[in-house]
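Engineer: no letters, just coordinates:
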């Protein structure tokens, strides 16, 4: 699926936007800083995930003097049909969501239809920040590509929270172990899903890293979050006293990580700032390619300020790589000329953004 029609009302400075983007190819948005380019990407992101990538405060997202914002879209479906979806959020925090004319309560239902991936100035976190960012990176791919993931992940999170509550509450060992048994079951299932997905992803990631960075010495290893030479049941048993003292579970899938090295050295320590961004782009594009190959889903790429930290050669490589996918891509830049030459051979629509107004050029 992809967006074939987009309506945005009172979202930041976008008071009324009506957009018909191209489905396969690049939607190039240019305009001065503060014109609303990033806000448009943010609106698409919000439609898919029910939250902003810029602020967690609802009031900052809603236009001044408005009491709510709304985002509606038509998603391309099979046989030239479309599925209407929509989301609106009020100053009070109330959120309403609809799919094909029916009210829904779970943002997961909406997110499953709009697999949006963001590339911006903060995407370095995938390499530089802690394991939580890389777990989310893996789980995004599993959520969109494997129907087993969400119920298993939810049950694991529930079991973990209950065991931690039992540890903090000073319950007896037998009571804590009752939650441990359930935790073990879902932890092993979740770990296997992540392990299998990482193995599939690593093949494509090596290819994209080679294409973008001319590096063929990439090493990717998934780490479960506990000593993998032991069964998880044994790990919990051995760590029980320490867990009980700390009041939380030390080991498990909630501590998993994806280790990325180049010639045996952590990638973040060997790559320049620009190379890091290009490598993170390779990670995101590889995840989109795997989604297409295994789940037959069309990813939506949101690329904010592509020229930032990438030289012209790197930008050309990234655009060429994105062009190979049957994907919908939104790209922002300040100047029309910034990407026009790179996009000349790709399917493209161009839009000028000025003072919150979006005009097709």
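Structural biologist: In hand now; what should we look at? On a predicted model such as this, the values are computed, not experimentally measured, just so you know.
Engineer: contact partners for the residue located most distally from the centre of the chain?
Structural biologist: Ranking residues of the chain by C-alpha distance from their mean position (C-alpha atoms, centre = their mean) puts residue 172 at the top, at 40.1 Å. By C-beta atoms under 8 Å, 6 or more residues apart in numbering, residue 172 lies in contact with nothing. For every residue, glycine as well, the C-beta is placed using N, CA and C.
Engineer: against residue 163, how distant is it?
Structural biologist: As judged by C-beta to C-beta, to the nearest Å, residue 172 and residue 163 stand 13 Å apart.
Engineer: all helices of the stretch 1-150 of the chain, in order?
Structural biologist: Residue ranges of the helices in the stretch 1-150 of the chain, as given by DSSP state H, counting those that start in this stretch, are 37-49, 58-61, 107-111, 125-128, 131-145, 149-168.
Engineer: next: the stretch 151-300 of the chain.
Structural biologist: Using DSSP H, counting those that start in this stretch, helices in the stretch 151-300 of the chain cover 173-213, 232-238, 240-246, 267-270, 273-295.
Engineer: between those, which gets nearest to residue 5?
Structural biologist: Nearest of the helices of the stretch 151-300 of the chain to residue 5, taken as C-beta to C-beta: helix 273-295 at 22.2 Å.
Engineer: which neighbouring elements make contact with the following helix or strand past that closest one?
Structural biologist: Per DSSP states H and E, the first helix or strand lying C-terminal to helix 273-295 is strand 300-303. Strand 300-303 sits against helix 37-49, strand 116-119, helix 273-295, strand 328-333, with contacts defined as 3 or more C-beta pairs under 8 Å, 6 or more residues apart in numbering; DSSP states H and E.
Engineer: make CSV from these and add mean pLDDT, distance to residue 7 and mean neighbour count to it.
Structural biologist: As requested, the helices and strands packed on strand 300-303 are exported to CSV (pLDDT from 0 to 100; distance: least, C-beta to C-beta, whole Å; neighbours: other C-beta atoms under 10 Å):
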stretch, mean pLDDT, distance to residue 7, mean neighbour count
helix 37-49, 93, 10, 24
strand 116-119, 93, 17, 22
helix 273-295, 91, 25, 20
strand 328-333, 93, 15, 26
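Engineer: so which of those comes closest to residue 89?
Structural biologist: Nearest to residue 89 among the helices and strands packed on strand 300-303 is helix 37-49; the distance by C-beta to C-beta comes to 8.2 Å.
Engineer: re the thing from before, residue 46 versus the residue farthest from the centre of the chain, what's the distance?
Structural biologist: Distance from residue 172 to residue 46, by C-beta to C-beta: 46 Å.
Engineer: check residue 249 too.
Structural biologist: As judged by C-beta to C-beta, residue 249 and residue 46 stand 33 Å apart.
Engineer: go on, residue 197?
Structural biologist: Distance of residue 197 to residue 46, given as C-beta to C-beta: 26 Å.
Engineer: residues near the residue nearest to residue 216 when sequence neighbours are not counted, how many?
Structural biologist: Excluding the flanking residues, the one nearest residue 216 by C-beta to C-beta, 6 or more residues apart in numbering is residue 210, at 5.2 Å. Summarising burial for residue 210: neighbours were counted as other C-beta atoms under 10 Å, giving 14.
Engineer: looking at it, residue 210 is touching residue 204, isn't it?
Structural biologist: No: using C-beta atoms under 8 Å, residue 210 is not in contact with residue 204, being 10.7 Å away.
Engineer: do you know how far residue 82 is from residue 99?
Structural biologist: 12 Å.
Engineer: sorry, wrong one. I was asking about residue 75.
Structural biologist: In terms of C-beta to C-beta, residue 75 sits 9 Å off from residue 99.
Engineer: phi first, then psi, for the residue nearest to residue 256 when sequence neighbours are not counted.
Structural biologist: Sequence neighbours aside, residue 225 is the residue nearest to residue 256 in space, at 4.1 Å (criterion: C-beta to C-beta, 6+ apart). Residue 225 adopts backbone torsions of phi 110, psi 10, taken as degrees, to the nearest 10.
Engineer: ok, residue 225 touching residue 249?
Structural biologist: No: using C-beta under 8 Å, residue 225 is not in contact with residue 249, being 9.9 Å away.
Engineer: still on that earlier bit, got the helices and strands packed on strand 300-303 as CSV, with distance to residue 219 columns?
Structural biologist: Output for the helices and strands packed on strand 300-303, formatted as CSV (distance: least, C-beta to C-beta, whole Å):
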stretch, distance to residue 219
helix 37-49, 31
strand 116-119, 23
helix 273-295, 13
strand 328-333, 29
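Engineer: quick check: which of these is nearest to residue 27?
Structural biologist: strand 328-333 (4.8 Å).
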